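>>> got a predicted structure plus its sequence, pasted below:
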Number of protein chains: 2
Amino acid sequence: MNDKLKSIVEDIYQDIINGRIPKVELKSRNKENIVFDNLIGVWKYGNEAVKRYASKASSALSILKMLYIIDFVDEMERGKKTSTLREMYYISEGWGLGKFQNQDESDLMTEDLEVMTGLLREEMHLRPEENGASLIGNITIEELNRKGEWKRINCRDDVGDAGYTIPSNVEAEKLKFVGHDVDFVLAIETGGMFDRLVENGFDEKMRSLLVHIKGQPARSTKRLLNRLNKELGLPIVVFTDGDPWSFRIFASIAYGAIKTAHLSEILATPNSSFIGITASDILRYELPTDKLNERDIEALNAELEDPRFNTPFWRAEIETMLKIGKKAEQQALAKYGLDFVTDTYLPEKLAEIGIE
Amino acid sequence: MNDKLKSIVEDIYQDIINGRIPKVELKSRNKENIVFDNLIGVWKYGNEAVKRYASKASSALSILKMLYIIDFVDEMERGKKTSTLREMYYISEGWGLGKFQNQDESDLMTEDLEVMTGLLREEMHLRPEENGASLIGNITIEELNRKGEWKRINCRDDVGDAGYTIPSNVEAEKLKFVGHDVDFVLAIETGGMFDRLVENGFDEKMRSLLVHIKGQPARSTKRLLNRLNKELGLPIVVFTDGDPWSFRIFASIAYGAIKTAHLSEILATPNSSFIGITASDILRYELPTDKLNERDIEALNAELEDPRFNTPFWRAEIETMLKIGKKAEQQALAKYGLDFVTDTYLPEKLAEIGIE
């Protein structure tokens, strides 16, 4: 069993045999204890901690459930299995008093264990439902498959046009980088645009790895971008629609999210660049637009208060978008034909951030 | 250019040079002209036809737009390009009078062209947004990639654990079956269950091809199931959640949908079998359930009036579900552990339909 999980169990065992009331201790997840670290630009936990003592029935029950989860993780580890969060919730039907009331409860407790151990839930063999984000480009990886063999795949030559699908666990124990011949990573919001760049051969033309992040990216996609940046030194460039929700996609890749503040260092990539559609682009390229609706306007105003957008670039772009009252999609670039995005838009935007 | 598209243009040209008013003719898409063919068990168009004459300004405009689409399809064919329906809508910005008011209009006209020509829109190089349905199992295919090379892929040995992603065009011109060693195809509704069967090695244990259909399947997924059944003679077995919406997923795979009645013969697979969770299964396996909500009850009642569910099996199961007032998910089988579905449930249900 993983040492960190083991030590939780050992501490409780020691408490019991020494006649002390068992307890677990973890960082407080109150909003007040989650702070934006301006220096490295990500959300992090403060130092406030909470202790849960088994002297109260509800806390004792919660410790019992946690032990059941740890036991289940151990069982999966020994059987080389994984399970979805949903499956674990159903499996708890057989745990007597350990049975969860609903999946929110088991999901939250899984997060508690992440906060306590610093492990990703994927490392505890618990994975979310399907994701299906994919990538294409000249990088060779090895994936440990279900038979325990390392399978080598070149993500340009050994896959169909839909690319290589990112697995839910992308830690080094499951996915290794073997070699690559690209200069940067382009993370793309929509499938339509990903397919466009693939069809236009942008990965070869601009020596890039194209990643389809599928809207708000899953943890595994963010973790993979983080590893590509840290381990291979590849710049991460994010290409999205031009609306407040897409700005948040970028923020979540670059600075992390409040919900995963305990994992910011491995999920966020603070030096990512944004080349998605901006209000300036809407004006400069005269793009087809939609009107901002009320929710869009609210979201933009909220972003003006968000520390992640507190830079001159973002303030100016958000204010311009509010002023013109319009948003635009990536695919609106098709106004000028199917090749405009790869021949004109992307080369111009990439040159602005020094990639040519 | 495709002959059927060409003949539309030629007819209009002949009308014009011979001083006749140009027209297009297609089968009526009124609900009254869409009938359920009980003999082969799919939705089909009746014989009622409509003619659109260019003598009215609105019809003339609609014919102009259709010619623009055909020209665009021809341009893509020559340039070996494809585009999303969304891109085409944006591209029409440059078509002067041919510009579409909204994407509904261009989508509908693309369907008109399908009805008129019998071509799939994918064959006209127009594809929907991303899909990402995937499959895993011992089948070898060849996919024509963007470089024009036929890429051979064994969908068990040459892919990661996420499987092979189904491309949006699965016609023989893009995807060929080279060989296989499986007895049947198992189409699975949710990603969580697909991953479970993959991890448990169900494809090898029961010599099956596992297809993750991602909820209500995309046209390309249904078309692929149809080809696997017709060309390779493989039975299609559908494994879903137990609720009225999942029953409709099965119905759409087996009998087609009203919206695609003109394509039923290539999208529907009438001899498919259902082994998803039923009301009987909920009782027999004592599965964890959720209560039916009002929308569920309405949907079940509507299904009692739907010709696709007019069989003793479906009537009994729908009535039982209404009586017990409960539904259940595929993953609820995890109540009995991670292996129950592959060791017990599926072998039992498959034996009932003669697969052992």
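Noted; the coordinates are in hand. Not measured: the values here are computed from a predicted model.
>>> quickly list the domain ranges of chain A.
Chain A is divided into the following domains under automatic domain parsing: A:3-127, A:134-352.
>>> which of the ones you listed is buried the deepest?
Of these, the one with the most neighbours on average (mean count of other C-beta atoms under 10 Å in any protein chain shown) is domain A:134-352, at a mean of 19. (Glycine included, C-beta is placed from N, CA and C.)
>>> pLDDT on it, on average?
Across domain A:134-352, the average pLDDT comes to 94.
>>> from start to finish, how long is it in a straight line?
End-to-end distance for domain A:134-352, by C-alpha to C-alpha, to the nearest Å: 27 Å.
>>> if we can go back for a sec, do you know which of the domains of chain A lies nearest chain B?
Nearest to chain B among the domains of chain A is domain A:134-352 (2.2 Å), distances taken as C-beta to the nearest C-beta.
>>> thinking A:Ile136 is in contact with A:Gly163, fair?
Yes - at 3.7 Å, A:Ile136 and A:Gly163 qualify as touching, with contact defined as C-beta atoms under 8 Å.
>>> which residues do the two both contact?
Taking C-beta atoms under 8 Å, 6 or more residues apart in numbering or on different chains as the criterion, A:Ile136 and A:Gly163 both touch A:Cys155, A:Val198, A:Leu210.
>>> show me the contacts for A:Arg127.
A:Thr82, A:Ser83, A:Thr84, A:Leu85, A:Arg121, A:Ser168, A:Asn169, B:Asp195.
>>> then A:Asn200?
Applying C-beta under 8 Å, 6+ apart, we find A:Asn200 in contact with A:Leu338, A:Asp339, A:Val341, A:Thr342.
>>> quick one on the thing from earlier: now, the contacts of A:Arg127 that are in strands?
A:Ser83, A:Thr84 (DSSP state E).
>>> show me which pair in the contacts of A:Arg127 is furthest apart.
Using C-beta to C-beta, the pair of those lying farthest apart is A:Arg121 and B:Asp195, separated by 14.8 Å.
>>> coming back round to it: so which of the contacts of A:Arg127 is the closest to B:Ile34?
Nearest to B:Ile34 among these, counting by C-beta to C-beta, is B:Asp195 at 37.4 Å.
>>> so the closest one is in contact with A:Lys81, correct?
No - with contacts counted by C-beta under 8 Å, B:Asp195 stays clear of A:Lys81, the gap being 10.8 Å.
>>> by contact count, what packs against the longest helix along chain A?
The longest helix of chain A (DSSP state H) is helix A:57-78. Packing partners of helix A:57-78 (3 or more C-beta pairs under 8 Å, 6 or more residues apart in numbering or on different chains; DSSP states H and E): helix A:3-17, strand A:23-27, strand A:49-53, helix A:85-91, helix A:103-117.
>>> by contact count, what packs against the host helix or strand of A:Asn229?
Element membership of A:Asn229 [criterion: DSSP states H and E] is helix A:219-232. Contacting helix A:219-232 under the criterion 3+ C-beta pairs under 8 Å, 6+ apart are the following elements: strand A:175-180, strand A:184-188, strand A:208-212, strand A:236-239, helix A:244-255, helix A:264-267.
>>> ok, back up a step: of the contacts of A:Asn200, closest to A:Pro312?
Distance to A:Pro312 across the contacts of A:Asn200 (C-beta to C-beta) is lowest for A:Val341, with 26.8 Å.
>>> in three-state terms, label the closest one for me.
With DSSP: H, G, I helix; E, B strand; the rest coil as the basis, the three-state label of A:Val341 is helix.
>>> so it sits right up against A:Phe194, yeah?
No - using C-beta under 8 Å, A:Val341 is not in contact with A:Phe194, being 11.4 Å away.
>>> what does the stretch 151-300 of chain A have sitting close to chain B?
Listed as neighbours of chain B in the stretch 151-300 of chain A under the rule C-beta under 8 Å from any C-beta of the partner chain: A:151, A:153, A:158-168, A:190-192, A:194-196, A:198-199, A:201, A:212, A:214, A:288.
>>> narrow the residues you listed to those in strands?
Counted as lying in strands by DSSP E, out of those, are A:Lys151, A:Ile153, A:Tyr164, A:Thr165, A:His212.
>>> a markdown table for the helices and strands packed on helix A:57-78, including distance to chain B?
As requested, those are exported to a markdown table (distance: least, C-beta to the nearest C-beta, whole Å):
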| stretch | distance to chain B |
| --- | --- |
| helix A:3-17 | 19 |
| strand A:23-27 | 26 |
| strand A:49-53 | 27 |
| helix A:85-91 | 4 |
| helix A:103-117 | 10 |
